[in-house]
Structures are given as C-alpha cells and as structure tokens.
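Undergrad: could you look at this predicted model? Sequence included:
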Amino acid sequence: MDGGTYFLRISDFIGSIQNRKYGTPLAMLLYLLAGGLFICMGIPRLWISAGAGAVFNPWLGTVVGLGASLLGAAALSLVGQ
C-alpha cells in the first residue's frame with residue numbers, strides 16, 4: 001500500500017471517533033499523540049499539519065497540527081539532552 005492509503009485509513013478511524021459522544025476531544029488527543037510520535041520518527045511536519053486540516057476543519061486542524069509539532073519537538077529535545 002502507498003502512503004495515501006494509510007492516510008485514508010487513519011482519517012476514517014479518526015472520523016469514526018468524532019461521531020461519538022465525546023468524540024472530538026478524544027480524536028484531537030489521539031491525533032496529538034500520534035502526530036507527536038510520527039514527528040519523533042522523522043515524518044515531516046507538513047504532512048502532519050495537512051492531515052490535521054483534512055481530518056478536522058482547517059482552523060482546528062492548525063491548532064492540532066501545531067500541538068503535535070510542539071509535542072514531537074519537546075520529546076526529541078528531551079531525548080537529545
């Protein structure tokens with residue numbers, strides 16, 4: 001499978017979480033953690049931000065993408081120290 005197929009599966013999973021009662025905050029937390037982990041593994045921040053904008057709306061996706069970037073950068077900084 002290519003990268004687009006994996007992204008569609010992740011966005012479908014996040015979308016199914018958003019449809020539940022406390023879904024949107026839970027989906028945001030899940031995306032923050034997963035995005036931070038992916039940034040630690042070397043995935044470019046642009047892909048994480050684009051994914052957040054596609055899964056959530058562009059305004060909320062900006063906040064979630066920025067949070068994931070900060071989380072990933074903080075984790076890499078702690079590992080580097």
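TA: Nice, thanks for sending it over. Numbering: from 1, shown residues only.
Undergrad: for burial, what's the neighbour tally of residue 12?
TA: Here the neighbour count serves as a burial measure; for residue 12 (other Cβ atoms under 10 Å) it reads 10. Glycine gets a C-beta too; all of them are placed from N, C-alpha and C.
Undergrad: what helix or strand is it on?
TA: Assigned by DSSP states H and E, residue 12 falls within helix 3-18.
Undergrad: longest helix of this structure?
TA: With secondary structure taken from DSSP state H, the chain has its longest helix at helix 58-80.
Undergrad: what residues does that helix touch?
TA: Contacts with helix 58-80, where a contact means Cβ atoms under 8 Å, 6 or more residues apart in numbering, come from 28, 31-40, 45, 48-56.
Undergrad: centre of the chain to that helix, how far?
TA: The chain centroid and the centroid of helix 58-80 are separated by 9 Å under Cα atoms, centre = their mean, to the nearest Å.
Undergrad: ok, for residue 48, nearest residue in space, not its chain neighbours?
TA: Excluding its sequence neighbours, the residue lying closest to residue 48 (Cβ to Cβ, 6 or more residues apart in numbering) is residue 35, at 4.5 Å.
Undergrad: mind giving me the packing neighbours of the helix or strand that contains that neighbour?
TA: When elements are defined using DSSP H and E, residue 35 is found to belong to helix 23-40. Using 3 or more Cβ pairs under 8 Å, 6 or more residues apart in numbering; DSSP states H and E as the contact criterion, the elements in contact with helix 23-40 are helix 3-18, helix 45-55, helix 58-80.
Undergrad: hey, least reliable of those helices by pLDDT?
TA: Set side by side, the helices and strands packed on helix 23-40 show their lowest mean pLDDT on helix 3-18, which sits at a mean of 67.
Undergrad: neighbours of residue 57, how many?
TA: Residue 57: 10 surrounding residues under other Cβ under 10 Å.
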